[in-house]
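Chemist: coordinates only, sequence not included:
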């Protein structure tokens, strides 16, 4: 009888242990869908393995030298982790069909053995979309992979190249056991919730049920005046902000300041331009994530903002030029509940916003510098290169120091945002928003890009401090002049305010800057039978004479190619063309639609031995509707135009 009782106790103990582990795994999955859980503290240490160059150079995966911790007869060991723990994120821009194997708890047979690419294609259960996917040149997997005693990952291919693997150690009460397909099968409803949240089929406001209350806001912002947007007097939490994006608001870029103060703290929790908080970049809506963003209809935030006793959101309009509206009408809705913050389990939302213009050599851009207890949940980074026609600064690595120790070291700036291969077609080559990460913009001509990334299950928790930086050069000895603007978002237990002014245009000595459009960055439309031949570092456009009716539409000058200037801001520009010799040596001219910009530019003149000759073509006006130039030839000529680059120098308007 006693023996049977002991067996019964052991059985139920094991059952309860398994049940608790299943519950913990469910919570880990729900972190990826339930944004209401963002303020919750958690324990454990977050760390990352990656292929970054240990010498400080830029071989972050090109050769594969740093892509494995060791080599074994079976293959390259990517990770050898001691449990309990959970892998939260795997990223690579270079997946192959070679097999990757996951060995749990010292087992001789791998529980996962699949082609590496299948971790990311979103088709093989349990590595399914949207947690596994690829876009912007990067391949990512956010399916939590728990391990109880240990986890060894072995790649059987010859070269692993670029990768990042982020994991967290677990305390006893958070254990999830070790990964199995059955474990994930039990949570299919959680996977469905994630798919609905990431697909924006379910509003985050639904998470709060009938607790959600709403208040309509209608604010008239007058020049130089400040107004209250919303206030809570008895504690609770703001769970949603939706504001109409009228033309006046879109026009007043960087002119409206957003501030927030919680519980009468001595410092503001938020203090930054409204447009930066909602993910604008270079004057336009650019971020449409599931948590925070903007489009041409509204600005929205579903970041929970819990407080103990009071909260107030305020706006101030700092009218700038004479062209700015005299007043701005803001209307929308703020959503809130009366559930006060639990100080033992939740932090308050804070932001650090910074701009650093022409950062000194080898000094990384500081995104966040936080003291106290909390966790980091998001980065919005806008980058403007100060060297024409180059985004080389995006070779820089991100680094996160948690509680004074370097815990995460990345492999490149677009890699940090789950992307890869900037300036490559269909990779990191344009602005594109995904649920929790994306590119704010990419334009090689204007040297602009930027990205955003939100941390859900992979949020960076810290007990004493967090410092997050990103380099603006591939290695310390190479300096790339850059203008960085960032917003770092986190929850913490005390006020955090270490900003730098974003609106510094009137305070800086600007570096001379021209926008350079090279063949690599060109988007163009060829005219009928025209041709384009890329001959690095130039491109040759050609068009033969023809008796076709298409050649008789334009009497004096036949179009050869129309080149897009979509990245240029509106305004007036001086245009220069760097061109070279061809066998035909026929002249060409630069036009903007039906207006001739330049005279006929001869190509039979003496040219430099390397590169081309730069000539002034004239002036053009860039507007929302007019963002192209065209190269034309004379009707009877056999056109052959070699172009190395176009240069655009903005003619600054004189201030009144």
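Modeler: Perfect, thanks for sending it. These numbers were taken from a predicted model, which means no experiment stands behind them.
Chemist: residue 93: what's it in contact with?
Modeler: The contact partners of residue 93, taken as C-beta atoms under 8 Å, 6 or more residues apart in numbering, are 137, 138, 139, 162, 415, 419, 420, 421, 427. C-beta coordinates here come from the backbone N, C-alpha and C atoms, glycine included.
Chemist: ok, the fourth one touching residue 61?
Modeler: Yes - between residue 162 and residue 61 there is a contact under C-beta atoms under 8 Å: 3.2 Å.
Chemist: and for the two, which residues touch both?
Modeler: With contacts taken as C-beta under 8 Å, 6+ apart, the residues that reach both residue 162 and residue 61 are 51, 67, 94, 411.
Chemist: does residue 584 fall in a helix, a strand, or a coil region?
Modeler: State at residue 584, reduced to three classes by DSSP: H, G, I helix; E, B strand; the rest coil: coil.
Chemist: grab the nearest non-local neighbour of it.
Modeler: On the basis of C-beta to C-beta, 6 or more residues apart in numbering, the spatially nearest residue to residue 584 that is not a chain neighbour turns out to be residue 640, at 4.0 Å.
Chemist: what's the distance between that neighbour and residue 579?
Modeler: 11 Å (C-beta to C-beta, to the nearest Å).
Chemist: so, low pLDDT: which residues of the protein?
Modeler: When the per-residue scores of the chain are filtered using pLDDT under 70, the ranges that remain are 1-16, 320-322, 497, 551, 654-656.
Chemist: now do the domain split for it, please.
Modeler: Under automatic domain parsing, the residue ranges defining each domain of the chain are 21-198, 209-492, 515-650.
Chemist: may I see those arranged in CSV, with distance to residue 500 as well?
Modeler: What follows is the domains of the chain, written out as CSV (distance: least, C-beta to C-beta, whole Å):
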stretch, distance to residue 500
domain 21-198, 25
domain 209-492, 4
domain 515-650, 24
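Chemist: among the ones you listed, which comes closest to residue 504?
Modeler: Taking C-beta to C-beta, domain 209-492 is the member of the domains of the chain nearest to residue 504, at 5.9 Å.
Chemist: what's the ChimeraX line that selects buried ones from the shared contacts of residue 162 and residue 61?
Modeler: Buried members of the shared contacts of residue 162 and residue 61, defined by 16 or more other C-beta atoms under 10 Å, are picked up in ChimeraX with:
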select :51,67,94,411
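Chemist: need phi/psi at residue 275.
Modeler: Dihedral pair for residue 275: phi -60, psi -40, per degrees, to the nearest 10.
Chemist: ok, now residue 133?
Modeler: Phi and psi for residue 133, reported as degrees, to the nearest 10, are phi -170, psi -180.
Chemist: what's the distance between it and residue 453?
Modeler: Relative to residue 453, residue 133 is positioned 14 Å away (criterion: C-beta to C-beta).
Chemist: please apply the same query to residue 401.
Modeler: Distance from residue 401 to residue 453, by C-beta to C-beta: 18 Å.
Chemist: more crowded one of these two?
Modeler: In this view residue 401 and residue 453 are compared by other C-beta atoms under 10 Å, and residue 453 has more residues nearby, 20 against 17.
Chemist: could you pull out the helices in the stretch 401-550 of the chain for me?
Modeler: For the stretch 401-550 of the chain, helices defined by DSSP state H, counting those that start in this stretch occupy the ranges 413-416.
Chemist: ok, residue 458 - contacts?
Modeler: Residues in contact with residue 458 (C-beta under 8 Å, 6+ apart) are 46, 88, 89, 142, 166, 168.
Chemist: what's the closest non-adjacent residue to the spatially most central residue of the chain?
Modeler: Per C-alpha atoms, centre = their mean, the C-alpha nearest to the average position across the chain is that of residue 451, at 2.1 Å. Nearest residue to residue 451 in three dimensions, chain neighbours excluded: residue 417, at 3.3 Å (C-beta to C-beta, 6+ apart).
Chemist: how many neighbours does the one you found have?
Modeler: The number of residues near residue 417, taken as other C-beta under 10 Å, comes to 27.
Chemist: ok, the one 4 residues further on next?
Modeler: Applying other C-beta under 10 Å, we find 19 other residues in the vicinity of residue 421.
Chemist: wait, it sits on residue 415?
Modeler: No - Residue 421 is beyond contact range of residue 415, at 9.6 Å (criterion: C-beta under 8 Å).
Chemist: so residue 51 versus residue 174, what's the distance?
Modeler: From residue 51 over to residue 174 (counting by C-beta to C-beta), the distance is 29 Å.
Chemist: quick revisit: so which of the domains of the chain gets nearest residue 501?
Modeler: Smallest distance to residue 501 across the domains of the chain (C-beta to C-beta): 6.7 Å, for domain 209-492.
Chemist: tell me who's in contact with residue 649.
Modeler: With contacts taken as C-beta under 8 Å, 6+ apart, residue 649 has the following neighbours: 514, 515, 573, 574, 576.
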